[in-house]
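Enquirer: how would this look folded up:
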Amino acid sequence: MSTVTLPRLHWGPADSSRRALLVHGLGSSAQTQWRLAEGLAERGWSATAVDLRGHGDAPRASRYRIDDIADDLLGTRPEGGASWDLVVGHSIGGAAVAQAAALDAAWARRLVLLDPAIALEKAVRDAVLAGQLANHDAATVESIAAEFPHWHPLDVEFRVRAAKGASRFALERMVLDNDDWDVRSHVARLTPPTLVLAADPARGAMFTGPLAEEVLAANPRMSAVVIEGAGHSVHRDDPEATLHHLLAFADV
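Expert: Below you'll find the predicted structure:
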C-alpha cells in the first residue's frame, strides 16, 4: 500500500487556532466543499479541503480501497502537525474519515459525517458506479442544473468540473476495489464526538434504517440529525441546514 500527498485548497485565516479538514465524496473535489468552507471561514475557522486520490489535481494510483483513502487522509495534518479540530467527510469520504479517526485517535477532535456510506450492498454499489460513470461521460451544466434546479450555480459548475476531472479508472476502482464496503467496525471504535448529518430517507439516504440504528447503538459518542428534504448531497441540497448543524456542533 502506498499513500499519496493530497492537494489542498484553503479558506479563512491561516493562523486560526481552529482548523478544519473537509473531505469530498466520490466523483467530487475539494472545490465542491466551498459552501461549508466559506461558512467555517466566516466564523473564524481555518478550513482546508483536499482532493482525494484520483480526483481533481490529486495523484492517480493503482488502488482505491477505503483503506488507502484513510491512509492518505492520515497523512494530512494542520501546520505544526497537531490534530484537526474538526474533520468533515461526505459519502465515501465520510467512511474514510471514520476509518482514519478510528486508526489514529489523535488525528481529529470532532467529526461530522455527511450521509456517510458506511456499508453498501452490491446493488447499491452497482447503482453508484453506473451513476458516476454516466456523470463522468456525459454530465453538462445544463443536465445537472435540470436534475438539481435548487442547487447554487457554483455547485452545478463544480459538480460537472469534478466529474469530468476525476479519473474514470479511479471512479470504477473506488467501487470495484471495495467489494467488501463496510467500515462499521471502525465506526464502533471512534472516540471523537461524531455527528452524522443524514439525508432524508425519502430522498435516497445512505445512512438510514437498520444500518443507521445499528451504527448509532454501537457507539454512544455518535449522534445523528436528518436533513429533511435533502438528498445524499446534503451540503448542496440544503446548505443552510447543513451549516447550521455543523457549526453548532463545531463551536461547542
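
Enquirer: in stretch 189-201, what counts as buried?
Expert: 189-190, 192, 194-200 (16 or more other CB atoms under 10 Å). C-beta coordinates here come from the backbone N, C-alpha and C atoms, glycine included.

Enquirer: would JSON lines of those with pLDDT, secondary structure and distance to residue 133 be doable?
Expert: Below are the buried residues of stretch 189-201 laid out as JSON lines (pLDDT from 0 to 100; DSSP: H, G, I helix; E, B strand; the rest coil; distance: CB to CB, whole Å):
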{"residue": "189", "pLDDT": "97", "secondary structure": "coil", "distance to residue 133": "34"}
{"residue": "190", "pLDDT": "98", "secondary structure": "coil", "distance to residue 133": "32"}
{"residue": "192", "pLDDT": "97", "secondary structure": "coil", "distance to residue 133": "34"}
{"residue": "194", "pLDDT": "98", "secondary structure": "strand", "distance to residue 133": "31"}
{"residue": "195", "pLDDT": "98", "secondary structure": "strand", "distance to residue 133": "32"}
{"residue": "196", "pLDDT": "98", "secondary structure": "strand", "distance to residue 133": "28"}
{"residue": "197", "pLDDT": "98", "secondary structure": "strand", "distance to residue 133": "27"}
{"residue": "198", "pLDDT": "98", "secondary structure": "strand", "distance to residue 133": "26"}
{"residue": "199", "pLDDT": "98", "secondary structure": "coil", "distance to residue 133": "22"}
{"residue": "200", "pLDDT": "98", "secondary structure": "coil", "distance to residue 133": "26"}
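
Enquirer: Among those, find me the one that's closest to residue 118.
Expert: residue 196 (9.0 Å; CB to CB).

Enquirer: Tell me what that closest one is bridged to.
Expert: residue 113, residue 224 (DSSP bridges).

Enquirer: quick one, what contacts it?
Expert: By CB atoms under 8 Å, 6 or more residues apart in numbering, residue 196 lies in contact with 112-113, 115-116, 207, 212, 215-216, 222-225.

Enquirer: before we move on, the earlier item: closest one to residue 233 out of the buried residues of stretch 189-201, please.
Expert: Nearest to residue 233 among these, with distances taken as CB to CB, is residue 199, at 8.0 Å.

Enquirer: ok, how many other residues are close to the nearest residue to the closest one once chain neighbours are set aside?
Expert: Nearest non-adjacent residue to residue 199, counting by CB to CB, 6 or more residues apart in numbering: residue 205, 3.7 Å away. Residues lying near residue 205 (other CB atoms under 10 Å) number 20.

Enquirer: Likewise for residue 168?
Expert: Neighbours of residue 168 (other CB under 10 Å): 14.

Enquirer: just checking, it touches residue 134?
Expert: No. In this structure, residue 168 is not within contact of residue 134 by CB atoms under 8 Å, at 11.3 Å.

Enquirer: what residues are shared contacts of those two?
Expert: By CB under 8 Å, 6+ apart, no residue touches both residue 168 and residue 134.

Enquirer: can you give me the strands in this protein?
Expert: Using DSSP state E, the strands of the chain run over 8-11, 19-23, 46-50, 86-90, 111-114, 194-198, 222-226.
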